[in-house]
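sharing a sequence plus its predicted fold:
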Amino acid sequence: MAYISFQPKDHFNTKLYTGTGSSQVLTGVGFQPDFIWTKTRNEAEIHCLNTTVQGINNYLRSNDVDTLETSGSNITAQSSDGYTVGTEDRFNQSSNTFVSWNWKANGQGSSNTDGSINTTYTSANTTSGFSISTYTGTGANATVGHGLGAAPKVVLIKQTNGTAWWFMYHNDLGTTGKLNLNTTGYNNDLQASYWNSTAPSSSVFSLGTEASVNGSSQNFVAYCFAEKTGFSKFGSYTGNGNADGPMIYTGFKPAFVMVKNTATTSSWYMYDNKRPSVYNPNGTVLFANESTAESTNIASAEHPIDFLSNGFKIRTTSSARNGNGNKIIFMCFAEAPLVGSNNVPANAR
């Protein structure tokens, strides 16, 4: 059984709120969030990704390739229990409903010198296995320090001063594989030039000569995720094309799941434990690569998965989540470990 000595909600939490159009203090996150991913639920709008490292009022968009947005009144302050949203519609339009997924790092951080490239800032939470780093590319094979003390299984990179795509290293795709968060593309472009055919170590991740992750004199941000037993799981499963789909063991009750089929063109499906439905099956989904509104489709075979006490189960024949024989990668964070520090077992939904 998975056991951890900390509470997952102190390092990751989902926040739901309704916009007011006026400055609004949001509490109940449970910590100062250093990575805030915001999406309007009830209408089409971009995904907004803010970090303390880049300045909390600046954001990138997961569903397109725009440069770092450095203007507007979006997230204006942070607190030990949440943050304040300003008047920008993408964060606080009156009467609109919103979700934010929140991760704790370690403030703005400082330069990490473990790699051949010194980061501008690295903000690392070694307890939960999450860090954010900003760096300037060299155009030559290089390494970058992530500060986690454990090898990350996922590295997500975006150029911030240019319109390069989002690139993801995932342990289950190998050192020549990659996916693009902003597209439906699949893992069909195996190259050494992204990760220098080298898996991340306990101190650094590797970059090749690909300009989209290491362009000379260009600015980048990297989000690194190391797996922590009872809190996070990053892996893959093989689809069976059946409504009685695979059960994916994580060792904890999920709070957040994102899946992507690596063998076909498909969207990135995002589920959490706060948006309806609150019971199984969970059919409420957003798409990291799309601006579309939240889709709730529990009755059909299109969206549902089950959140269990020890993982999640696929309940759809859709090829995007359960293509027969296809490899589907996932990122998953915990609501509660299977057995926590209080020795109380987690329950299914």
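Structure's in. What do you need? Numbering: from 1, shown residues only.

so what's Met331 up against?
Counting by Cβ atoms under 8 Å, 6 or more residues apart in numbering, Met331 touches Val154, Phe225, Ser232, Phe234, Phe256, Val257, Met258. Every C-beta, even on glycine, is put in place using the N, C-alpha and C of the backbone.

make TSV out of those residues and add distance to Ile132, neighbour count and pLDDT.
Formatted as TSV, these follow (distance: Cβ to Cβ, whole Å; neighbours: other Cβ atoms under 10 Å; pLDDT from 0 to 100):
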residue	distance to Ile132	neighbour count	pLDDT
Val154	13	22	98
Phe225	11	23	99
Ser232	15	24	98
Phe234	17	21	98
Phe256	17	22	98
Val257	21	23	98
Met258	18	21	98
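
save the residues you listed as a markdown table, and put in distance to Glu43 too.
Output for those, formatted as a markdown table (distance: Cβ to Cβ, whole Å):
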| residue | distance to Glu43 |
| --- | --- |
| Val154 | 30 |
| Phe225 | 30 |
| Ser232 | 31 |
| Phe234 | 31 |
| Phe256 | 22 |
| Val257 | 24 |
| Met258 | 21 |
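
so, low pLDDT: which residues of the stretch 151-300 of the chain?
Residue ranges of the stretch 151-300 of the chain with pLDDT under 70: 277-278, 297-300.

can you map out the helices along it?
211-214 (DSSP state H, counting those that start in this stretch).

ok, Asn261 to Leu16 distance?
Distance, Asn261 to Leu16, by Cβ to Cβ, to the nearest Å: 28 Å.

neighbour-wise, which of the two wins?
Neighbours per residue, other Cβ atoms under 10 Å: of Asn261 and Leu16, the larger number sits with Asn261, 25 against 15.

the more buried one contacts Asn324, doesn't it?
No: taking Cβ atoms under 8 Å as the definition, Asn261 is not a contact partner of Asn324, at 11.1 Å.

any common contacting residues for the two?
Gly239.

circling back: so which of the contacts of Met331 comes closest to Gln93?
Phe256 (23.9 Å; Cβ to Cβ).

ok, so what distance separates Ser133 from Glu69?
20 Å.

who has more neighbours out of those two?
Ser133 (29 against 19).

what packs against the helix or strand where the more buried one lies?
According to DSSP states H and E, Ser133 maps onto strand 130-136. Secondary-structure packing of strand 130-136 (3 or more Cβ pairs under 8 Å, 6 or more residues apart in numbering; DSSP states H and E): strand 121-125, strand 142-145, strand 219-225.
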